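Novice: Provided below for reference: sequence and predicted model.
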Amino acid sequence: MESEIGIEEHRNGVLHTLCQHKGLFIAFVASCFYATQSFSVSLLQGALPLGELIFLRAVVILMGSIVCLIYLGNPVFSYSRREIFSVLVYSLLGLTSTITLFYAYQNMRAGDAAAIYYGNVAFTGLFARLILKEAFGFVELILVAMTLVGMCLIARPPFLFTAVDDYNTNDITGSQVIPALMAFVSCISLALSVVIVRAVTKDKAMHPFKVTFFYSALSIIVFTVALPTPLMQQWIVPDCAGPRFLILLMTTSSFLGYGLFTFAFSIENALYISLVTMNELFIICILDIAILGLNVQYLSVIGILLIFGSSMLISIKKIIAFKRQKRTSERQNSEMQPVATTTAIMQDGGQRKSSQDE
């Protein structure tokens, strides 16, 4: 009887903790969906062209964004000039990031590609210094250098590493430098898009699903007009049920991950959410080893830890600075409140005295 009571109390305690930090839990679930998307893209290598894969993903995200915008009562096609410019820049850079990242996922270890991609945290601070003139000290410079060293350990370019355990084992084909370079381009594109959108929108942020709608619509236009398009070529429909299921899983996970990520941002501090979503990196690495049976490459592990550590330290430093700024503003408000009260009392006393004199 006592054991049952203890189990029930423990269960209630776990549920209470999840309710208190539901934003972080939702962000973790979103990172699981993102990892599922990334791993599915890696498994779909050779099943269908990369352009067709991104096109199908954009169609699903577009339909999901329209449904969410209508449900939330937000206008789908209402954009100001500032909004159009910001989402156009974000969409072009975001599309570049997606194309290069998916290429990297299909031509190198998905965990290594994800690690390079998450180096965008360090480069966002660097671009924010160059474009927005934000603070960027010696510590941040060291962390960016750590990120670059980690990327080099993962890519292992031949001019730095003569004896390399290459990617040509366990179904990982192609040069290890070009896919790593594509992942780096994806990282830089995402960091630039974040900083440019912040510079353009400032305090006038758009609804996230409007950004997603514009991004997916532009992706469809680019792949049907500007690039060799899936619609102009013969569509490849996989014969087996496995690749079809992976396509469905990839497209659905993309939208669910973004939707949960957006909801988590609305109820929790963005810096904490960014820390939690880095779990995607470790989930992908676990899937690489557990499902694909890839061998552990120690240089890659060191590189992943360097990138993850630098990104985590940058986020923690921002959290500490945010808390310090919040504490300072609260202290200033508390110091101003007695002064305001004294001023109000003096004004009230002066008004009473003047009325008595009259």
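Specialist: Cool, the structure landed. Residues are numbered from 1 along each chain as shown.
Novice: quick one: low-confidence parts of the chain?
Specialist: Counting by pLDDT under 70, the chain contains low-confidence ranges at 1-21, 78-79, 162-175, 200-206, 226-235, 266, 270-271, 335-358.
Novice: please repeat the previous calculation with a cut-off of 50.
Specialist: Applying pLDDT under 50 to the chain flags the ranges 10, 165-174.
Novice: in what helix or strand does the nearest residue to Ile283 once chain neighbours are set aside lie?
Specialist: Excluding the flanking residues, the one nearest Ile283 by Cβ to Cβ, 6 or more residues apart in numbering is Ala35, at 3.8 Å. For the C-beta atoms, the positions are set from N, CA and C on the backbone; glycine is no exception. Per DSSP states H and E: Ala35 is located in helix 22-43.
Novice: contacting residues around that helix?
Specialist: The contact list for helix 22-43 (Cβ atoms under 8 Å, 6 or more residues apart in numbering) reads 18, 53, 102, 105-106, 110, 113-114, 246-247, 249-250, 253-254, 256-258, 260-261, 263-264, 267-269, 272-273, 276-280, 283-284, 287-288, 291.
Novice: what about 7 Å?
Specialist: 18, 53, 102, 105-106, 110, 114, 246, 249-250, 253-254, 256-257, 260-261, 263-264, 267-268, 272-273, 276-277, 279-280, 283-284, 287 (Cβ atoms under 7 Å, 6 or more residues apart in numbering).
Novice: so where do the helices sit in this protein?
Specialist: 2-20, 22-43, 50-72, 81-107, 110-117, 120-132, 138-155, 177-201, 208-221, 241-267, 270-277, 279-290, 298-357 (DSSP state H).
Novice: most packed of these?
Specialist: Each of the helices of the chain was scored by mean neighbour count; the highest is helix 110-117, a mean of 28, by mean count of other Cβ atoms under 10 Å.
Novice: tell me the angle it makes with helix 22-43.
Specialist: 120 degrees (axes from the mean of the first three to the mean of the last three Cα atoms, to 10 degrees).
Novice: can you name every helix or strand that helix 110-117 contacts?
Specialist: Packing partners of helix 110-117 (3 or more Cβ pairs under 7 Å, 6 or more residues apart in numbering; DSSP states H and E): helix 22-43, helix 81-107, helix 138-155, helix 177-201, helix 279-290, helix 298-357.
Novice: now these in CSV, with distance to Ile236?
Specialist: Shown next, in CSV, are those (distance: least, Cβ to Cβ, whole Å):
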stretch, distance to Ile236
helix 22-43, 15
helix 81-107, 15
helix 138-155, 30
helix 177-201, 22
helix 279-290, 25
helix 298-357, 32
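Novice: nearest to Pro75, of the ones you listed?
Specialist: Closest approach to Pro75 among the helices and strands packed on helix 110-117 (Cβ to Cβ): helix 81-107, 11.2 Å.
Novice: what's the separation between the nearest residue to Ala135 once chain neighbours are set aside and Gln37?
Specialist: Closest residue to Ala135 apart from its sequence neighbours, by Cβ to Cβ, 6+ apart: Arg129 at 7.4 Å. Arg129 sits 31 Å away from Gln37, going by Cβ to Cβ, to the nearest Å.
Novice: again, but for Leu181
Specialist: 22 Å.
Novice: try Ser193
Specialist: Ser193 is 19 Å from Gln37, where distance means Cβ to Cβ.
Novice: do Ile267 as well
Specialist: The gap separating Ile267 from Gln37 is 23 Å, by Cβ to Cβ.
Novice: re the thing from before, starting at the chain centroid, how far to the helix holding Ala35?
Specialist: Chain-centre distance of helix 22-43: 11 Å, with Cα atoms, centre = their mean, to the nearest Å.
Novice: what of stretch 260-277?
Specialist: Between the centre of stretch 260-277 and the centre of its chain there are 10 Å (Cα atoms, centre = their mean).
Novice: same thing with stretch 95-112?
Specialist: On Cα atoms, centre = their mean, the centre of stretch 95-112 falls 15 Å from that of its chain.
Novice: now swap in stretch 127-137 and tell me
Specialist: That offset, for stretch 127-137, works out to 20 Å (Cα atoms, centre = their mean).
Novice: contacts for that stretch next, please.
Specialist: Outside stretch 127-137, the residues that touch it by Cβ under 7 Å, 6+ apart are 125-126, 191-192, 195, 198-199.
Novice: any chance of these in TSV, plus distance to Ser334?
Specialist: Shown next, in TSV, are those (distance: Cβ to Cβ, whole Å):
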residue	distance to Ser334
Gly125	32
Leu126	36
Ala191	38
Leu192	40
Val195	35
Arg198	31
Ala199	34
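Novice: picking that back up, can I get the helices of the chain in CSV including distance to Phe161?
Specialist: Compiled in CSV, the helices of the chain are given as follows (distance: least, Cβ to Cβ, whole Å):
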stretch, distance to Phe161
helix 2-20, 45
helix 22-43, 23
helix 50-72, 28
helix 81-107, 18
helix 110-117, 14
helix 120-132, 22
helix 138-155, 9
helix 177-201, 10
helix 208-221, 36
helix 241-267, 33
helix 270-277, 31
helix 279-290, 21
helix 298-357, 8
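Novice: separation between the residue nearest to Leu93 when sequence neighbours are not counted and Leu281?
Specialist: Excluding its sequence neighbours, the residue lying closest to Leu93 (Cβ to Cβ, 6+ apart) is Ser193, at 3.7 Å. To Leu281, Ser193 is 20 Å away according to Cβ to Cβ.
Novice: ditto for Tyr215
Specialist: Separation of Tyr215 from Leu281 (Cβ to Cβ): 23 Å.
Novice: one more: Val139?
Specialist: To Leu281, Val139 is 22 Å away according to Cβ to Cβ.
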